[in-house]
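> Return atomic coordinates for the entry below.
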Amino acid sequence: MSRLEAFKNGVTLEPIMIADPAGTFAIVGSHDHGVRIPQASVPKLVRFLEGVEALKMEGEENMEGAFRLYHPISTEVLVKACFDPSQFSWITESDGEDRGQKLARNGVTKEIMEIAIPSWIIRDYQRLPENIGQILPEAFTVFKRHFSFIDTPHATESFLKVVNYWRRHTLDLIRDLTLFSYDFTEFQGKVREFEYWRPDLRRFRTDHLGRIGVCCGLAHLSSVQLIIEGKDLEKPDWENHIDKSNDPVVMDYRNELKMIYRNLEVALNE
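Next up is the predicted model:
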């Protein structure tokens with residue numbers, strides 16, 4: 001069954017489970033956060049985690065509230081339930097420098113970060129909400145936790161420039177900003193892995209002599225495995241990130257994404 005076919009039935013695919021031959025680590029990759037997995041996968045997942053003495057999971061401390069919305073037979077809820085609080089912790093998402101500063105140091109402009117926030121809204125709605133003028137200030141306020149530089153009036157003005165440019169040139173705003181938001185999120189994930197996860201998981205590996213576990217989204221699986229195996233990650237490179245990406249969606253839409261970024265640059269500099 002494909003992931004799409006499974007999703008239509010209210011479930012996602014069985015999580016990916018990776019273990020080394022020596023039995024020193026167990027990594028679980030979730031296809032869809034909080035979505036029910038097949039019933040037959042439950043005992044397999046529980047058995048896979050046997051013998052793990054400590055586990056790290058993708059998320060943040062404020063994820064505890066979100067967990068109440070997750071299906072009780074989702075990968076994340078089941079994995080977390082296998083461990084006592086003393087054995088469980090979240091993968092670090094902060095080191096005193098916020099995500100916006102990290103992205104800026106890896107080559108992303110503030111203007112692009114500002115456009116990413118309303119683009120996430122458009123991706124969720126798949127339209128430009130009629131009350132976007134009310135939604136934006138609230139969204140920018142929420143995201144100041146990760147992007148402290150945000151100035152709401154300036155960010156709103158920048159987004160309206162983009163909307164007007166797309167309309168004037170009869171471009172597909174919803175499709176293009178959906179693609180942009182996917183690509184930006186994918187790159188942001190690489191920055192999170194390199195800046196936050198890499199040092200945290202390295203410490204986690206050295207702090208425990210026994211078998212350790214990590215649970216994360218499928219997109220992070222290969223990077224997490226490299227870190228746990230003691231290998232290094234390639235530093236994120238915004239300037240060339242589209243050409244270097246091995247994400248299937250980014251690879252399929254490379255030329256379109258490059259054109260979207262060119263249009264964004266023109267729109268934001270008008």
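
> would you list every one of the helices in this structure?
3-8, 41-48, 63-67, 75-81, 99-105, 110-125, 132-143, 152-168, 173-192, 198-207, 221-228, 241-244, 248-252, 254-268 (DSSP state H).

> Run the chain-centre distance for the shortest one.
In terms of Cα atoms, centre = their mean, to the nearest Å, the gap separating the centre of helix 241-244 from the centre of its chain is 17 Å.

> What is it packed up against?
Helix 241-244 makes packing contacts with helix 173-192, helix 254-268 when contacts are defined by 3 or more Cβ pairs under 8 Å, 6 or more residues apart in numbering; DSSP states H and E. Using the backbone N, CA and C atoms, a C-beta is placed for each residue, glycine as well.

> And the protein, what are its domain boundaries?
For the chain, the structural domains run 3-96+204-234, 99-185+239-268, going by automatic domain parsing.

> Now render those as CSV, adding mean neighbour count.
Below are the domains of the chain laid out as CSV (neighbours: other Cβ atoms under 10 Å):
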stretch, mean neighbour count
domain 3-96+204-234, 16
domain 99-185+239-268, 16
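
> In JSON lines, list those along with distance to R192 and mean pLDDT.
Formatted as JSON lines, the domains of the chain follow (distance: least, Cβ to Cβ, whole Å; pLDDT from 0 to 100):
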{"stretch": "domain 3-96+204-234", "distance to R192": "7", "mean pLDDT": "90"}
{"stretch": "domain 99-185+239-268", "distance to R192": "7", "mean pLDDT": "93"}
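
> closest to W90 out of the helices of the chain?
helix 63-67 (6.9 Å; Cβ to Cβ).

> what's the closest of the domains of the chain to V191?
Smallest distance to V191 across those (Cβ to Cβ): 5.3 Å, for domain 99-185+239-268.
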